[in-house]
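Asks: A structural model of the following input is requested.
(one chain, ligands or ions: 1)
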Amino acid sequence: MNIAATDEAWMARAIALAIREKGDDPANTPIAALVVRHGGLVAGAVNRTAERCDATAHAEVEALRAAGQAVGDMKIDGATLYTTLQPCGMCTMAAIWAGITRIVYGAGRDQVHKMYFEDRHLSTVDYIRDAFKDDLSLEGGIAAHDCAQLYYGPDDAVPEDQQANT
Ligand SMILES: [Zn+2]
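Replies: So this is what the prediction gives:
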């Protein structure tokens, strides 16, 4: 498989994980992330911020934690992180700390409600990519439409009590 087909296939698995764990209702924040290395799945996880009362339990951080446990090392050097939604700055930095060299995401911030991002003006992921461009490649828009279906759209009227950052 070429890399584009490979990315599509992994993203399909991430979407399936999100739906299996959290359903397809945007109210449940079905975000999933996979850590993949040498063509194999190291770990996958979904967003658990609400369940754990933990603002850092984004899907990407959860996946990195599980991957670290799986390999017995905080570093998963050279791995790719797949995530169904454009990662926030926290998760992008966590990926760099974990030795991730490539991040591939599905829906981009312009395709979803602004509540999903911690900063309304600056794209932190772009900022970090620029700062760490020799260490990290970042690619978005993989299965973007399918991913975006899982989240509130830019113009959706999201209930106030669901507008916490994810
Ligand atoms: Zn995040």
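
Asks: please count neighbours and contacts with C-alpha atoms only from this point.
Replies: Noted.

Asks: secondary structure class for the residue nearest the centre of the chain?
Replies: Against the mean C-alpha coordinate of the chain, by C-alpha atoms, centre = their mean, the closest residue is residue 83 at 3.0 Å. When classified by DSSP: H, G, I helix; E, B strand; the rest coil, residue 83 comes out as strand.

Asks: does the closest residue in space to it that isn't next to it in sequence lie in a helix or a strand, and which?
Replies: Closest residue to residue 83 apart from its sequence neighbours, by C-alpha to C-alpha, 6 or more residues apart in numbering: residue 33 at 4.2 Å. Element membership for residue 33, per DSSP states H and E: strand 32-37.

Asks: again with residue 41
Replies: Element membership for residue 41, per DSSP H and E: strand 40-46.

Asks: same deal with residue 104?
Replies: Residue 104 belongs to strand 102-107, assigned by DSSP H and E.

Asks: which residues sit against that strand?
Replies: When contacts are defined by C-alpha atoms under 8 Å, 6 or more residues apart in numbering, strand 102-107 is touched by residues 7, 11, 78-87, 136-145, 147-148.

Asks: that one pairs with which strands?
Replies: strand 80-85 (parallel), strand 137-139 (parallel) (DSSP bridges).

Asks: then that strand to PDB, C-alphas only?
Replies: What follows is strand 102-107, C-alpha atoms only, in PDB (Å, rounded to 0.1, in the frame of the first residue of the first chain):
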ATOM      1  CA  ARG A 102       4.600  12.300  12.100                       C
ATOM      2  CA  ILE A 103       1.000  13.300  13.000                       C
ATOM      3  CA  VAL A 104      -1.800  12.600  10.700                       C
ATOM      4  CA  TYR A 105      -5.200  14.000  11.400                       C
ATOM      5  CA  GLY A 106      -8.700  13.800  10.000                       C
ATOM      6  CA  ALA A 107     -11.000  16.800  10.400                       C
END
